[in-house]
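Colleague: Mind folding the following:
(2 chains)
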Number of protein chains: 2
Amino acid sequence: MNEVRVIPIQGIPEIKTDDNLAEITFEVLQKNKVNIERNDIFVVTQKIVSKSEGMERDLSQFNFEELLQSESKKIIRKRGDLVIAKTNHGFICANAGIDKSNVKKNTALLLPEDPNKSANKFRKRFESLANVPIAVIISDTFGRAWRKGQVNFAIGSSGINPIDSYIGKLDSFDNELNATEIAVIDELASAAELVMKKTIDIPIAIIRGVDYEKSKLTANELIRDDNEDFFL
Amino acid sequence: MNEVRVIPIQGIPEIKTDDNLAEITFEVLQKNKVNIERNDIFVVTQKIVSKSEGMERDLSQFNFEELLQSESKKIIRKRGDLVIAKTNHGFICANAGIDKSNVKKNTALLLPEDPNKSANKFRKRFESLANVPIAVIISDTFGRAWRKGQVNFAIGSSGINPIDSYIGKLDSFDNELNATEIAVIDELASAAELVMKKTIDIPIAIIRGVDYEKSKLTANELIRDDNEDFFL
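Modeller: The predicted structure is shown next:
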């Protein structure tokens, strides 16, 4: 087992609509002489993906309540200012993932429409530039049931199996591991957050040294159906 | 911002009741010539903590249902074999955290009685041996509401502020970050899991390069009160 490295990418400029994130990232890495390795995992925060996809909304033109409705499949809980919604993608989070931090004043930033598609687009373009296979995770910080504080979750992915399954494998005592399925892309998103500080601009991290399974499955694999969930 | 390294500790032997984990870990690191740095964070899986604290129960002598009752403050949900319980510590997880993998056949392993105390004991002893300050997190993999797959959570900690609060700080657009509190010890536990494979014996990882706040607060800070929770 080798060590895993979480490498912050310094010097990503402020992102505007229609910027190509993969090209910008590749240029920044070239300029900073950061090497790119086979099977590097790029964790990209939702914020710059949404900005590049034109998801900023001027709150003098859009009403926050209406944005919340249009971004939500369902309002799950509401108390005072706090709204927990199921987004159109199926994520359960505060304010349907609409963010008012790290954007211009009086602006709201919506989640990407299809974060898996965003991840795939980044991966394909980056691979064609760097000429090595990579994986891409789009991340966002959400709260959780029962526990205080937010952690970074994977809302989109491409090129990596979202779940590391041990079902049917044997542990070191030859017991069959019949219930262990690790949501590895969520753990990777959390690991990336350790170098992504909110008050400075580190919107992308590279995670190196993880032995992951390649896959066409996306982060949607982690969304549990309503009828399978105990807590809805 | 520097990179973060997640270093697996190889060669920890099978742990028995009354083994001193801090001493064993220190010896293994010395033997393998792994250097120890100021403010290293040690993430230790619950499994070896429980074993060292004599929490194994022979299922020919103990009934699983009775163990479940005695380990639980409350049964939260039950469907067939699947029981979601609130443990005596306040964690919400399957089977009150009682584990039957990576233990001898027909044996169940209970969670440590006080994982914060376990973390503190490890930290104090290790610091006296290594002569540098460290932080310690005790981790376990739990499922989550709404999302498939398990991730590693912090169930105990010592020497690190469990929450990285941005409240009152300004983002890069001078917006006040009024809601961001990162559950950093949960993210560290997740990062450690990337090198802790279930089928091999990596029960401890070192995380290096994280700029954390020292604190006397424990992992209990992350447990949300029942009356503040929307999803109980």
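Colleague: centroid residue for chain A?
Modeller: The residue lying closest to the centre of chain A (CA atoms, centre = their mean) is A:Ser139, at 1.7 Å.
Colleague: so which strand or helix has A:Ala108?
Modeller: strand A:107-109 (DSSP states H and E).
Colleague: Packing partners of that strand?
Modeller: Strand A:107-109 sits against helix A:46-52, strand A:56-58, with contacts defined as 3 or more CB pairs under 8 Å, 6 or more residues apart in numbering or on different chains; DSSP states H and E. Any C-beta I mention is one placed from the backbone N, CA and C, and that applies to glycine too.
Colleague: Can you name the next helix or strand after it?
Modeller: As assigned by DSSP H and E, the chain's next helix or strand after strand A:107-109 is helix A:115-130.
Colleague: what's the model's confidence in that next one, averaged?
Modeller: Helix A:115-130 shows a mean pLDDT of 98.
Colleague: Which residues does that helix contact?
Modeller: For helix A:115-130, contacts defined as CB atoms under 8 Å, 6 or more residues apart in numbering or on different chains pick out A:20-23, A:25-26, A:36, A:42, A:44, A:46, A:49, A:53, A:89, A:112, A:133-138, A:155-159, A:218-220.
Colleague: how far out from the middle of the chain is that helix?
Modeller: 14 Å (CA atoms, centre = their mean, to the nearest Å).
Colleague: Where does the prediction get shaky in chain A?
Modeller: Across chain A, the ranges flagged by pLDDT under 70 are A:1, A:178-179, A:198-200.
Colleague: Which residue is the nearest non-sequential neighbour of the residue nearest to the centre of chain A?
Modeller: A:Ala189 (4.0 Å; CB to CB, 6 or more residues apart in numbering or on different chains).
Colleague: same check, this time on A:Leu111
Modeller: A:Gly97 (4.1 Å).
Colleague: if I look at that neighbour, how far off is A:Leu68?
Modeller: 10 Å (CB to CB, to the nearest Å).
Colleague: These two: which is more packed in?
Modeller: A:Gly97 (25 against 16; other CB atoms under 10 Å in any protein chain shown).
Colleague: Contact partners for that one?
Modeller: Contacts of A:Gly97 (CB under 8 Å, 6+ apart): A:Gln46, A:Glu71, A:Thr87, A:Phe91, A:Leu110, A:Leu111, A:Asp140, A:Phe142, A:Ile155.
Colleague: Just give the number of residues close to A:Ser70.
Modeller: Counted by other CB under 10 Å, the residues lying close to A:Ser70 total 12.
Colleague: what about it, helix or strand, and which?
Modeller: helix A:64-71.
Colleague: what about that helix, distance to the chain center?
Modeller: 21 Å.
Colleague: For it, name the packing helices and strands.
Modeller: strand A:82-87.
Colleague: which secondary structure elements does the strand it packs on contact?
Modeller: For strand A:82-87, the packing partners by 3+ CB pairs under 8 Å, 6+ apart come out as helix A:64-71, strand A:72-79, strand A:92-94.
Colleague: quick one, which of these is packed in tightest?
Modeller: Per-stretch averages of neighbours, counted by mean count of other CB atoms under 10 Å in any protein chain shown, single out strand A:92-94 among the helices and strands packed on strand A:82-87, with a mean of 23.
Colleague: Can you tell me what sits against that strand?
Modeller: So strand A:92-94 is contacted by A:76, A:82-87, A:140, A:142-143, B:145-146, B:179 (CB under 8 Å, 6+ apart).
Colleague: let's see 6 Å
Modeller: For strand A:92-94, contacts defined as CB atoms under 6 Å, 6 or more residues apart in numbering or on different chains pick out A:Ile84, A:Lys86, A:Phe142, A:Gly143, B:Trp146.
Colleague: List the contacts of the residue nearest to A:Ser139.
Modeller: A:Val43, A:Ile137, A:Ser139, A:Asn152, A:Phe153, A:Ala154.
Colleague: List the contacts of the closest residue in space to A:Asp229 that isn't next to it in sequence.
Modeller: Leaving aside its chain neighbours, A:Asp229 sits nearest to B:Trp146 (5.9 Å; criterion: CB to CB, 6+ apart). Residues near B:Trp146 by CB under 6 Å, 6+ apart: A:Ile92, A:Arg224, A:Asp229.
Colleague: Just give me the neighbour total for the second one.
Modeller: Applying other CB under 10 Å, we find 20 other residues in the vicinity of A:Arg224.
Colleague: so A:Ile7 sits in a strand?
Modeller: Yes - the assignment for A:Ile7 (DSSP: H, G, I helix; E, B strand; the rest coil) places it in a strand.
Colleague: okay but it is in contact with A:Ile207, surely?
Modeller: No - using CB atoms under 6 Å, A:Ile7 is not in contact with A:Ile207, being 7.6 Å away.
Colleague: more neighbours, the two?
Modeller: A:Ile207 (27 against 21).
Colleague: Helix or strand for that one, just tell me which one.
Modeller: Per DSSP H and E: A:Ile207 is located in strand A:204-208.
Colleague: what angle sits between that strand and helix A:115-130?
Modeller: 70 degrees (axes from the mean of the first three to the mean of the last three CA atoms, to 10 degrees).
Colleague: hang on, the earlier thing: restricted to buried residues, select the contacts of helix A:115-130 in PyMOL.
Modeller: To isolate in PyMOL the members of the contacts of helix A:115-130 that are buried, counting by 16 or more other CB atoms under 10 Å in any protein chain shown, one can use:
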select buried, chain A and resi 21+22+25+26+36+42+44+46+49+53+89+112+134+135+136+137+138+155+156+157+158+159+218+219
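Colleague: How is chain A divided into domains?
Modeller: Domains of chain A are assigned by automatic domain parsing as A:5-55+A:112-224, A:59-111.
Colleague: Quickly compare those and say which is most buried.
Modeller: domain A:5-55+A:112-224 (a mean of 20).
Colleague: Between the two ends of it, what distance do you get?
Modeller: 30 Å (CA to CA, to the nearest Å).
Colleague: what's the spacing between that domain and its chain's center?
Modeller: 6 Å.
Colleague: cool, stretch A:218-227 as well?
Modeller: Stretch A:218-227 sits 15 Å away from the centroid of its parent chain (CA atoms, centre = their mean).
Colleague: if you look at that stretch, does any of it touch chain B?
Modeller: Yes - among the residues of stretch A:218-227, A:Leu222, A:Arg224 lie within reach of chain B under CB under 6 Å from any CB of the partner chain.
Colleague: List the contacts of that stretch.
Modeller: A:90, A:116, A:154, A:156-157, A:162-163, A:183, A:232, B:146-149.
Colleague: Identify those among those residues that sit within strands.
Modeller: Among these, the residues falling in strands (DSSP state E) are A:Ala154, A:Gly156, A:Ser157.
Colleague: circling back: what's in contact with the strand holding A:Ala108?
Modeller: Residues contacting strand A:107-109 (CB under 6 Å, 6+ apart): A:Ser50, A:Met55, A:Glu56, A:Arg57, A:Leu59, A:Leu67, A:Ile98, A:Asp99, A:Lys100, A:Val103.
Colleague: residues touching the fourth one, list them.
Modeller: Under the criterion of CB under 6 Å, 6+ apart, the neighbours of A:Arg57 are A:Ala108.
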